[in-house]
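>>> Predicted model and sequence below, questions to follow.
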Amino acid sequence: MLTSFSVLHTPPIPFCAFMTDDPEAIINYAADGAETKYGSALVTLVEIRGGAARALGAQMAVRGDGGYCGYVSGGCTEAAVAAEAIAAIGKGTDRYLRLGEGSQFFDIVLPCGGGITLAIHVVKDVKPLRQVLSALERRKRIALRYDPGTQTISAVKSQDKVAGTWNGPSFLRSYRPNLRLVLCGRGIELATTSRVALASEFEVLCFDQPSRGADTATIDQDTAIAVLYHDLDQELPWLKAALETKPFYIGALGSKRTHERRCAVLWALGYTHAQTDRIKAPIGMFGPTRDANALALSVVADVSQAYAVHQLH
């Protein structure tokens, strides 16, 4: 729902409603705002000139009451962007905003020294946003197509390796489900790694009993599996489930010698060398660790790096 701010003496003062760069949270904030009397806008980074703090496709959601969330730069320009979006909501018309190099706003200098162009879309039809949210809830990939000429958005099939790109006259913003980390193990390693992963805004599923886990329905292409058992018999059901599906990361606790024994057991069960080569062991970025906190950081960092590479494929 759109409303005019002509009856107000001054436009609302922008304020950060909450800090996030989670695409799902940003889309939800824009969708909810569009259904209020204040209206909302979705701001998308569509061009980078030189360097930039964020990648193409970075987004903000701005409501007509001044609230906003998300980032299109390093945090130094977001309030100014929100003010422009509020003005666009008031007029009910989309607009482009150029900041940094080549911009008319000489007082806004980007720390990276480059320039960016933002597309501010006043949300008139909330259905495409709800379609994106529904797809992500079902862990399906999807995209929003923005057509500047008609000032419309539509939900379409995601086909791009990058989050944002121009496709002819339209800008395509692709979305993937949140990174899911399946943790299976026991004790302090499981508890600490879960805590660090949750702080990193992963979707975390924890299993401490093999008989209650190993469900392939929880594993998709945006899932990482970390096996934190100290016993091969306990970890085997999860390793088998991981190798029979397509998670982007499989990691297992233990030394290189332990991993050699692990592979031997899996080969005897009929798994190939190519399949066991998918297992990162010792798990994590730091290699073997003997401290639960270091292990947790190592696992979460390694999964994050692997996911960044995975997003390019």
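Cool, got the structure.
>>> mean confidence for stretch 28-43?
The average pLDDT for stretch 28-43 rounds to 97.
>>> again but with stretch 271-281, I slipped
96.
>>> So which bits of it are buried?
Taking 16 or more other C-beta atoms under 10 Å as the neighbour-count basis, stretch 271-281 is seen to contain the buried residues Tyr271, Gln275, Thr276, Ile279, Lys280, Ala281. Using the backbone N, CA and C atoms, a C-beta is placed for each residue, glycine as well.
>>> and the top helix by length along the chain, how far from the chain's centre?
When the chain is scanned for its longest helix (criterion: DSSP state H), the result is helix 292-310. Relative to its parent chain, helix 292-310 has a centroid offset of 15 Å by C-alpha atoms, centre = their mean, to the nearest Å.
>>> helices or strands next to it in the packing?
The contact analysis (3 or more C-beta pairs under 8 Å, 6 or more residues apart in numbering; DSSP states H and E) places helix 292-310 against helix 187-199, strand 223-228, strand 249-252.
>>> Greatest separation within the buried residues of stretch 271-281: which pair is it?
Using C-beta to C-beta, the two most remote members of the buried residues of stretch 271-281 are Tyr271 and Lys280, lying 15.8 Å apart.
>>> beta partners of Phe171?
Tyr146, Trp166 (DSSP bridges).
>>> my read: it touches Tyr146, true?
Yes - Phe171 is within contact range of Tyr146, at 4.6 Å (criterion: C-beta atoms under 8 Å).
>>> still on that earlier bit, looking at the buried residues of stretch 271-281, which are in strands?
Ile279, Lys280 (DSSP state E).
>>> any chance of the buried residues of stretch 271-281 in TSV, plus distance to Pro11?
Output for these, formatted as TSV (distance: C-beta to C-beta, whole Å):
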residue	distance to Pro11
Tyr271	63
Gln275	59
Thr276	61
Ile279	56
Lys280	52
Ala281	57
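>>> which stretches of the stretch 151-300 of the chain have low pLDDT?
Within the stretch 151-300 of the chain, the segments meeting pLDDT under 70 span 160, 210-214.
>>> Need the overlap of contacts for Phe171 and Tyr146.
Thr44, Ala119 (C-beta atoms under 8 Å, 6 or more residues apart in numbering).
>>> before we move on, the earlier item: ok, so of the buried residues of stretch 271-281, who is nearest Val62?
Lys280 (40.9 Å).
>>> so who does that closest one touch?
Contact partners of Lys280, counting by C-beta under 8 Å, 6+ apart, are Tyr249, Ile250, Gly251, Ala252, Asp302.
>>> ok, now how distant is it from Ala294?
Lys280 sits 16 Å away from Ala294, going by C-beta to C-beta, to the nearest Å.
>>> list the buried ones in stretch 294-307?
Leu295, Ala296, Leu297, Ser298, Val299, Val300, Asp302, Val303, Ser304, Ala306, Tyr307.
>>> residues contacting the second one?
Residues counted as contacts of Ala296 (C-beta under 8 Å, 6+ apart) are Glu189, Thr192, Thr193, Arg195, Val196, Ala197.
>>> So which residues of the stretch 1-150 of the chain form helices?
23-34, 78-91, 127-137 (DSSP state H, counting those that start in this stretch).
>>> Take these and lay them out in a markdown table including mean neighbour count and distance to Ile120.
Formatted as a markdown table, the helices of the stretch 1-150 of the chain follow (neighbours: other C-beta atoms under 10 Å; distance: least, C-beta to C-beta, whole Å):
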| stretch | mean neighbour count | distance to Ile120 |
| --- | --- | --- |
| helix 23-34 | 21 | 11 |
| helix 78-91 | 21 | 5 |
| helix 127-137 | 17 | 15 |
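>>> what's the domain layout of this protein?
Using automatic domain parsing, the domain ranges for the chain come out as 15-175, 180-310.
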